[in-house]
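Okay, predicted coordinates and the sequence, questions at the end:
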Amino acid sequence: MSKEGDFDDIIDDLGGLGSYQKRLLYFLLGPLFFIMPFPLLHQVFVLHTPKFDCVHPEEIRPETLGLNKTIWQELFVPKEFLPTYEMGPSVCNYYNYSQEMIEYIKDNYEGLLLDTNATAKIQGEAKLEACTTWDYDRSEFYDTAITENDWVCSKAHYTPDLFTLAVVGIILGTFVFSAVADFFGRKTSFYVGCATCIVFTICMIPVSHNFHMFAFFKVMAAFGMLPLFQSPLNILCEISNVSKRGYVICYACIAWSVGNIAFPLVGYLIASWKILKIVSVAPLAFLFFTWTLLPESPRWLVSKGRTKEATAILRKIAETNNVVPPADLTVRVEKLAESTKEQSMGYLSLFGSSVLALRTILMTIGFTASAFVYYQMVINVSNMAGNTFLNLFLLGLVEGPGNMLGTLLANKVGRRWTHSGLLFFNSVLFAAVMGLVQYQYTTTWGSAVISFLCMWLKMNISATFVVAYIQAMEVFPTCVRQSGIGFCTFISQIISIGGPYCIALGTTDLRYPYLVMFLICLAGTVATSFLPETVGAKLPETLEDANQFGRSDKYFSMKPPRAAAYQEPSEQKQIFKPKSDIY
């Protein structure tokens, strides 16, 4: 790309990360990412299954028969394998004896307990009935969608089904909105996605008694989720200069982590699923008041040949930044539009050459390792001992340090080895968890150690998530950037369809969920090590730029120089500057 027509040079001339960009960062992107954990993660509470017990018919209850509860359970309740690796009384089924047999048991229960063969015989002859009513532990929640609709036992699969359908909605939204963003603009996709998320989340509340309607609205609510993350972040990164890109993404991720800390606190105070749903999406309504604040991406407008609109936005940026725009701004924008003009076919363009196709696949594997593990670690709180709110709070508490760690290492070591190295370290930690998880219910130290390791894993995966997004922003060219990031998200979410069922395997063996995440992190370790290093590099504008980028790099290299003058990123200096310096 020629320097004369380089968009990053234009952004530098207009003040880089100036007042215009900071206004978007601090008044739109920061609040947005603080809010986003609520609509995305509130389903962890809404679909939480507390401890429960079957409410048996009154005529066979232990107090009615005058039996000790332990003795009664031996005779009236079958055994089942519990998540604590122990056999225990079933909470889903019971033996329905005839009235004559009930009287016999009542008179001869001592002998039956001593004669296991006789007990097995009468239980074999009895009808095994499924429970229809349950008593739920309400020490954490007043109610959830599970407790209100009795989605347990034979309907227990509804929970992983709904988590999976949320992923399906994100997949469909990724496919549609990524294409909309690249063909019709980032701004349009953002506000349509916001409206979709609000409307369909609220629609779920009155139809929870109808699982199929509830599931449909679940898919539609998740359908609009992706552009809330991607569109404003892409716009701001595209109008920020090279050295501040990491700072913008890190700031957004830190805002997300603060929201993650606040989210379980709000959930604890509300503890009722319907109110929690309303509270989770209501703040998104403020985004519609930012219509005049958020511009269309001028970089995208240039790639579409809409130079007048792009120039008007760039002049507005210069005015807000108190910078006199270059006299030849219009000419430079037109030349840039001409030099970057090419026919983009969205997702198909990602596979137009072997180089970009391979990098798309590698980036997708890396994205999957971060996105899959991050989401499943949140859902996996149901398999962790202790208080649900506290577990989620502790997992959220480490995200801020993780975001900072990812950004600092990405600048110091480079994107490639930071991403690959952290994923490898996560593989080691998952292996340790697999060896220790069986002790979390049987020892006094097990729960604390597993919680500590899960917090460490969450911190690391938060770091890799930041690096993955920075890499994706820098690897894909402007004309297909959102399609590229969308494709990575699309495939990672398809793979994540099996995630809730992977977590559900924890009811069979607590090691299985961690084994799956171990293997995914290991695959991501290898894949990301073959991506080109992008630290300090200018964003590729065209497909040809992306194909040529980093082709001469050696595998065992850290921060190779580019054709353009290498610029040492200053994100870490910016992060630790006093606010007065940043403003």
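Cool, the structure landed.

Just the CA trace of stretch 11-26, in PDB.
Output of stretch 11-26 as PDB, limited to C-alpha atoms (Å, rounded to 0.1, in the frame of the first residue of the first chain):
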ATOM      1  CA  ILE A  11      -5.800   8.900  11.000                       C
ATOM      2  CA  ASP A  12      -2.400  10.000  12.400                       C
ATOM      3  CA  ASP A  13      -2.800  13.400  10.700                       C
ATOM      4  CA  LEU A  14      -6.200  13.800  12.300                       C
ATOM      5  CA  GLY A  15      -5.000  13.300  15.800                       C
ATOM      6  CA  GLY A  16      -4.800   9.500  16.300                       C
ATOM      7  CA  LEU A  17      -6.700   8.700  19.400                       C
ATOM      8  CA  GLY A  18      -8.000  12.200  20.000                       C
ATOM      9  CA  SER A  19     -11.100  13.700  21.700                       C
ATOM     10  CA  TYR A  20     -13.400  12.300  19.000                       C
ATOM     11  CA  GLN A  21     -12.200   8.800  19.500                       C
ATOM     12  CA  LYS A  22     -12.100   9.100  23.300                       C
ATOM     13  CA  ARG A  23     -15.700  10.400  23.400                       C
ATOM     14  CA  LEU A  24     -16.700   7.200  21.600                       C
ATOM     15  CA  LEU A  25     -14.500   5.100  23.800                       C
ATOM     16  CA  TYR A  26     -15.600   6.500  27.200                       C
END
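
Run through the strands of the stretch 301-450 of the chain in chain order.
Shown for the stretch 301-450 of the chain, no strands are assigned by DSSP state E, counting those that start in this stretch.

Flag the shaky bits of it, pLDDT-wise.
Where the stretch 301-450 of the chain drops to pLDDT under 70, the residues are 340-346, 382-385.

Can you check which helix is longest in the chain?
Longest helix of the chain, by residue count under DSSP state H: helix 446-475.

May I see the buried residues of it?
446-447, 449-451, 453-475 (16 or more other C-beta atoms under 10 Å). From N, CA and C alone the C-beta is placed, and that goes for glycine too.

same thing with stretch 189-209?
189-194, 196-198, 200-204, 208.

who's in contact with that stretch?
Applying C-beta atoms under 8 Å, 6 or more residues apart in numbering, the contact partners of stretch 189-209 are 39, 145, 148-149, 173, 177, 180-181, 213-214, 217-218, 220-221, 223-228, 231-232, 274, 277-278, 280-282, 284-285, 287-288, 291, 294.

Now intersect those with the helices, please.
Per DSSP H, helices hold the following members of those: 39, 145, 148-149, 173, 177, 180-181, 213-214, 217-218, 220-221, 223, 226-228, 231-232, 274, 277-278, 280-281.

low-scoring stretches of this structure, by residue?
1-5, 81-86, 340-346, 382-385, 539, 560-583.

Could you find the closest non-adjacent residue to residue 368?
Distances taken as C-beta to C-beta, 6 or more residues apart in numbering place residue 492 nearest to residue 368, at 3.8 Å, with adjacent residues excluded.

Can you give me every residue that contacts the one you found?
Neighbour list for residue 492: 364, 367, 368, 371, 372 [criterion: C-beta under 8 Å, 6+ apart].

cutoff 6 Å now
Applying C-beta atoms under 6 Å, 6 or more residues apart in numbering to residue 492 gives the contacts 367, 368, 371.

Closest one to residue 63 out of the residues you listed, please.
The nearest member of those to residue 63, counting by C-beta to C-beta, is residue 371 at 50.8 Å.

can you pull the contacts of that closest one?
By C-beta under 6 Å, 6+ apart, the residues touching residue 371 are residue 492.

nearest to residue 138, of the contacts of residue 492?
Distances from residue 138 to those, taken by C-beta to C-beta, are shortest for residue 371, at 33.6 Å.

Quickly note the distance from the closest one to residue 521.
Using C-beta to C-beta, to the nearest Å, one obtains 12 Å as the distance from residue 371 to residue 521.

again with residue 422
Applying C-beta to C-beta, the value for residue 422 to residue 521 is 9 Å.

swap in residue 399?
From residue 399 over to residue 521 (counting by C-beta to C-beta), the distance is 18 Å.
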